[in-house]
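Visitor: sequence and predicted structure below; questions after.
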Protein chains: 2
Amino acid sequence: MAQYVNLRNLKFLLYEVFGIESLTKYEHFKDHNRESFDMILDTAKQIADNLLYPTFREMDVQEPQLENGVVNVHPTIKKYLKAMGDAGMIGATYDYEAGGGQVPASVYSLASFILSAANNGASMFTGLSSGAARLIISFGNQELKDKYVPKMLSGEWQGTMALTEPQAGSSLSDITSSAKPLEDGSYLIKGQKVFISAGEHNQAENIIHLLLARIEGAPAGVKGISLFVVPKFREENGQFVNNDVAAGSIYHKMGQKSTPAMHLMIGDNSNCKGYLVGEANQGLKYMFQMMNEARLGVGLVGASIATNAYYASLQYAQERPQGRRLDEKDQKTTPQTKIINHPDVRRMLLFQKAVAEGSLSLLLECARYADLIEVTEGEERENYSLLLDILTPIAKTFPAEYGIKSVSEAMQVFGGYGYCEDFPIEQLYRDIRIASIYEGTTAIQSQDLLGRKLTMKNGAAAMALMQEVSKTLQEASTHEELKKYVELLQKELGRMQQVMQRLLGFAMKQEFELFLADANLFMEMASLIVISWQWLKQATVAKVQILTKNPQGEELAFYESKIHAMKFFFAYELPKTKWLATRLMDDEVLTLAQEQKEIIV
Amino acid sequence: MAQYVNLRNLKFLLYEVFGIESLTKYEHFKDHNRESFDMILDTAKQIADNLLYPTFREMDVQEPQLENGVVNVHPTIKKYLKAMGDAGMIGATYDYEAGGGQVPASVYSLASFILSAANNGASMFTGLSSGAARLIISFGNQELKDKYVPKMLSGEWQGTMALTEPQAGSSLSDITSSAKPLEDGSYLIKGQKVFISAGEHNQAENIIHLLLARIEGAPAGVKGISLFVVPKFREENGQFVNNDVAAGSIYHKMGQKSTPAMHLMIGDNSNCKGYLVGEANQGLKYMFQMMNEARLGVGLVGASIATNAYYASLQYAQERPQGRRLDEKDQKTTPQTKIINHPDVRRMLLFQKAVAEGSLSLLLECARYADLIEVTEGEERENYSLLLDILTPIAKTFPAEYGIKSVSEAMQVFGGYGYCEDFPIEQLYRDIRIASIYEGTTAIQSQDLLGRKLTMKNGAAAMALMQEVSKTLQEASTHEELKKYVELLQKELGRMQQVMQRLLGFAMKQEFELFLADANLFMEMASLIVISWQWLKQATVAKVQILTKNPQGEELAFYESKIHAMKFFFAYELPKTKWLATRLMDDEVLTLAQEQKEIIV
């Protein structure tokens, strides 16, 4: 089996960079220790090796089809759901009382990462169930919890997230699915939902949709949206009956084909019942909990696909002979060299390593904040919340956008072979492209970062982040080798300050289009700085380990590769901020719609 | 039928920007005029509308399969080859005596562009025949010409380019296919060729491979390679017999599925005859003629796919309502706006327009130089040759690399719908990805530009290019509105000068790895400057037309859109040179292989 993750790197991040063991000092995590953490990663690796990796290709070729109202997905999905349920992996992070294992999100996210690296589409089935069940646990009443959560956590039932509608897309305030109160306390649901992942399939006994709809008479806009549990089969007098959720059609996607994306017709026969979760009109607020989790989940998908492609192209580059080194005097009779010796191939490999491992580091940082929010209080907790809030859109977007570029570089390393089905790259290339679209496109994330997260609470989140970065800068600056990079990053923080001042000026003047027109470019600039921070953090730890542990051989190479990848990111990627800042500081207005004329033809 | 090209833009480039009509003053083109040029474009549009566009999707779904040694491609290919043959389009640019129509390459390249925009894979069948026939015409003896060219130009026979071998890939000096002289003057050919587009199919009566092999005893390296005609069926005593060229396997590609890429087993039964083209050991030199043409052809494919995707996403953006303008006070009850009114969507559309139309402009510039090389002599001709030489790698690479980004932005405009088969975008996204791989990867093109074209003849090509750019700068600077952009481009030329000086310093010291390690970044920097030049040229012409012709309505909007797209490219894309130059001027060596240790893990 080819390598698709490197456990050494996961443990480096978990224990050496983020010191996740220290979480066990808190009451909530007190039953855990390094052994139990390792066991969770090993369980994930085992399930991935046995069920997911071997079926990755098959699930793409045998794309799910809708036949007679039923979607046939690959039979391994049932085994996978069961294996994950049996291992307690679907609800691993939940409280004991909710049937969970109180596993830190940090550890769980690495387990998800392993599963997704092996087979990104398949791993979504459990990711969706996990997120949907958490919504019920957090906001539902006891009856809902008792009825739905255990079967979702055991893998018998599938959970989904049913938000998007044909006329609304990214604009959730425009959803029109309706809910009419019934005498039994439930609601009659009617509407259409589109792009519902795992929205229908034959490998789970029931499918539980966490669905947004408007109760009759609710206010317009986002404040009139409520959250419902809408099962495929509802229980009535001890019997499960069809709940009038029909598979209208299946989308044939370019990638992630293993997971069917469904167009659902809900209540076409006026016989669909939904069960209100929490209070009426609070649905979007509730859903945001799942969405934030899902956004980090998409970041993990991006990072994991890029990781798989990185190792595949690294192996190919180590084995494939072609051409000679440019400095080779005898170009005719010298045997061909391995392509890893060509500077351009090394550049593409280092780019992939920097993107994949930089992304994962940021995602783990976010998961750690989520864990600390769970166990701390007061100001400390507020600080971690701010950090998680501001980093979530970046942790969704960078692994998606740069992951797409990264897999493309992996394909380029393979040349023509990478474009063909003989290697996994072309599938990974198709799979990862969705990451910058679903769970909020890059444009949505960028507006969230610049328009909301940066300004909220008088810029408190940005300030909290600045403090975290400062800590890293301080630690790094004690090492001579790293000083140059400390200075580079400091300079970037100054540049960012200037850009923010300028943009926030528009916000103050209520010129929101000017404020947000180039939010995507701002996102890229912020991402480059944040990922540089993560790389400096990793390099500093690697430096300390080299100095204190005297590692040899592979261990030494591992630590040195961390420092090298950091240098690469600072030299090749971070300077993009110069370009981005040039545009972001420019007065020329070019993308605002003029009422009077159309100049895009 | 959805729009996939804009004839107005093609005629703007052809007549207003490049004044191609003026070619008719030369003897070689004297039978042509604007009417005959327009007729060629119209013929291409008609064939594209009738045969290619309607089958674009089908040819992807009904991917060619290899069965019993035969590859079944879509039956429309036969009709297409015939239609093109009947219209005299396959050999349109050849001399009358070779059966051609002495059509300028400029006009022909726009015809190819139209065909490729409609169905990029299908258009390759005739492109390959055209290039292969030209090799025979240029270098073959009369017997070869008489025997092969007419049937290739009529569309009855298919031409191919058979270079790549499994062990050699991009490194042509390592090919091992062998040729053994036979008594009848032909050669016994033996070897394997991989990734041969249209290398086997059932829609042509014969397939004529222009194949590279080594004659027994030939010198090692590139100087021992000869060019052969190797037909699928060879004529013997008036009969066509099997020539022992077997379809070993077919590659299943991610995109461009309509065109089968073949692994060919040649002479496995020691019964394959090849016919030497021109002199022995001159094969690579000959083939370079076809390869240069093919490289511009790939540039056209990139530009045409990006163009198709641009118009598709433009139409979608004009029709799809979603969300409200950011400056809208009433976000609740105002009807949703069309997404083209969102600044971020406009940015993505302008990016696409700038890439597609900027690329096509450069490609037409190259075709014009090719035409002028045909009809001029002495110093003038030498100057055009230099320009074509230095611009070819850029004209292959920019439309490929930026075309890939551009189609990705088109998909982003569509959101989730773009990721599904309902729209053509996902196919275009898969199709265009090959453009940066085949006919020399981006790395190969970049080394060609920096390592060969820039240094040849003491930098004469770079100097010739600088003079051409200066002419445009001078013309643009007479318009107040354009002065700002003239200054920006001048500044970039200075920055480029610095970068070149530094890099050429390594070449002087024979430090070739340091010289070429970041050739890809140099390519991107040079491309951005060259495309900016093309945009300034287009904007200047548009400005003059507005001032002198007093255009109204759609015509005015067309010209204004040109000036606007130029400004966009200068504001959003050109500043990337700051990032690229930062890296290219940096002393830190990070991608050279060290003999002693491996730091990519």
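Guide: Right, received. Where do you want to start? Numbers count the residues shown, from 1 in each chain, chains lettered A, B, ... in the order given.

Visitor: hey, where'd the helices end up in the stretch 251-400 of chain A?
Guide: For the stretch 251-400 of chain A, the helices defined by DSSP state H, counting those that start in this stretch cover A:283-319, A:343-375, A:378-414.

Visitor: can you get me a residue count around A:Ala303?
Guide: 33 (other CB atoms under 10 Å in any protein chain shown). In this view, the C-beta of every residue, glycine as well, is placed from N, C-alpha and C.

Visitor: quick one, what contacts it?
Guide: Contact analysis of A:Ala303 by CB atoms under 8 Å, 6 or more residues apart in numbering or on different chains lists A:113, A:356, A:359-360, A:363, A:399, A:403.

Visitor: please apply the same query to A:Asp344.
Guide: B:443, B:446, B:517, B:519-520, B:591 are the contacts of A:Asp344 under CB under 8 Å, 6+ apart.

Visitor: and what of A:Met348?
Guide: A:Met348 makes contact with A:313, A:409-410, A:412-413, according to CB under 8 Å, 6+ apart.

Visitor: so what's the nearest residue to A:Gln3 once chain neighbours are set aside up against?
Guide: The shortest distance from A:Gln3 to any non-neighbouring residue, by CB to CB, 6 or more residues apart in numbering or on different chains, is to A:Tyr311 (4.5 Å). By CB under 8 Å, 6+ apart, the contact set of A:Tyr311 is A:2-6.

Visitor: same deal with A:Val277?
Guide: Counted by CB under 8 Å, 6+ apart, A:Val277 has contacts A:135-136, A:139-140, A:144, A:210, A:226-229, A:283, A:286.

Visitor: which one of the residues you listed is nearest B:Asp95?
Guide: A:Leu210 (70.6 Å; CB to CB).

Visitor: quick check: the closest one is in a strand.
Guide: Yes - under the criterion used here (DSSP: H, G, I helix; E, B strand; the rest coil), A:Leu210 sits inside a strand.

Visitor: check what pLDDT it gets.
Guide: For A:Leu210, the pLDDT comes out at 97.

Visitor: which residues does it bridge with?
Guide: A:Met161, A:Val229 (DSSP bridges).

Visitor: distance of A:Ser170 from A:Gln447?
Guide: 10 Å (CB to CB, to the nearest Å).

Visitor: and what of A:Gly185?
Guide: From A:Gly185 to A:Gln447 the distance is 38 Å (CB to CB).

Visitor: how about the strands in the stretch 101-250 of chain A?
Guide: Here the stretch 101-250 of chain A has its strands, by DSSP state E, counting those that start in this stretch, at A:157-162, A:178-181, A:187-197, A:206-215, A:226-231, A:233-236, A:239-242, A:245-251.

Visitor: out of those, which is closest to A:Lys273?
Guide: strand A:233-236 (5.5 Å).

Visitor: next one: that closest one to chain centre, how far?
Guide: 33 Å (CA atoms, centre = their mean, to the nearest Å).

Visitor: what's the answer for stretch A:439-451, then?
Guide: On CA atoms, centre = their mean, the centre of stretch A:439-451 falls 14 Å from that of its chain.

Visitor: what's the answer for stretch A:165-179, then?
Guide: 23 Å.

Visitor: could you dump the helices of the stretch 251-400 of chain A to JSON lines with mean pLDDT and distance to A:Met124?
Guide: Listed next are the helices of the stretch 251-400 of chain A as JSON lines, based on pLDDT from 0 to 100; distance: least, CB to CB, whole Å:
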{"stretch": "helix A:283-319", "mean pLDDT": "94", "distance to A:Met124": "8"}
{"stretch": "helix A:343-375", "mean pLDDT": "98", "distance to A:Met124": "16"}
{"stretch": "helix A:378-414", "mean pLDDT": "98", "distance to A:Met124": "15"}
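
Visitor: in JSON lines, list those along with distance to A:Glu598.
Guide: Formatted as JSON lines, the helices of the stretch 251-400 of chain A follow (distance: least, CB to CB, whole Å):
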{"stretch": "helix A:283-319", "distance to A:Glu598": "34"}
{"stretch": "helix A:343-375", "distance to A:Glu598": "38"}
{"stretch": "helix A:378-414", "distance to A:Glu598": "29"}
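
Visitor: show me what from the stretch 501-601 of chain A comes close to chain B.
Guide: A:511-513, A:515-520, A:554, A:557-558, A:560-561, A:564, A:567-568, A:571-572, A:575-579, A:582-583, A:586, A:588, A:590-593, A:597-601 (CB under 8 Å from any CB of the partner chain).

Visitor: likewise the stretch 101-250 of chain A?
Guide: Checking the stretch 101-250 of chain A against chain B by CB under 8 Å from any CB, the hits are A:164, A:167-171, A:173-174, A:194-195, A:220-221.

Visitor: mind doing that once more with 6 Å?
Guide: Within the stretch 101-250 of chain A, the positions adjacent to chain B are A:169, A:171, A:195, A:220-221 by CB under 6 Å from any CB of the partner chain.

Visitor: before we move on, back to that, filter the contacts of A:Asp344 by proximity to chain A?
Guide: Among those, chain A is touched by B:443, B:517, B:520, B:591 when using CB under 6 Å from any CB.

Visitor: coming back round to it: got a winner among the contacts of A:Tyr311 for most neighbours?
Guide: A:Tyr4 (26 neighbours).

Visitor: give the contact list for it.
Guide: Each residue near A:Tyr4 by CB atoms under 6 Å, 6 or more residues apart in numbering or on different chains is listed here: A:117-118, A:308, A:311.

Visitor: checking it next. Helix, strand or coil?
Guide: Secondary structure, three-state DSSP: A:Tyr4 is coil.

Visitor: tell me where the model's unsure across chain A.
Guide: Along chain A, segments meeting pLDDT under 70 span A:595-597.

Visitor: one more pass at 90, please.
Guide: Low-confidence segments of chain A (pLDDT under 90): A:1-2, A:166-174, A:220-222, A:287-293, A:326-335, A:593-601.

Visitor: can you give me the neighbour number for the closest residue in space to A:Ala111 that isn't next to it in sequence?
Guide: Ranked by CB to CB, 6+ apart and with sequence neighbours excluded, the top spatial neighbour of A:Ala111 is A:Ala44, at 3.8 Å. Neighbours of A:Ala44 under the rule other CB under 10 Å: 29.

Visitor: so A:Ala44 sits right up against A:Ile114, yeah?
Guide: Yes - A:Ala44 is within contact range of A:Ile114, at 4.4 Å (criterion: CB atoms under 6 Å).

Visitor: in the helix or strand containing A:Lys82, what's buried?
Guide: A:Lys82 belongs to helix A:76-86 when assigned by DSSP states H and E. Neighbour counts over helix A:76-86 (16 or more other CB atoms under 10 Å in any protein chain shown) mark A:76-81, A:83-85 as buried.

Visitor: what does stretch A:576-585 give?
Guide: In stretch A:576-585, counting by 16+ other CB under 10 Å, buried: A:576-584.

Visitor: and that stretch, how far out from the chain middle?
Guide: 26 Å.

Visitor: name the residues that touch it?
Guide: Against stretch A:576-585 from outside (CB under 6 Å, 6+ apart): A:492, A:495, A:499, A:518, A:521, A:524-525, A:528, B:572, B:575-576, B:578-579.
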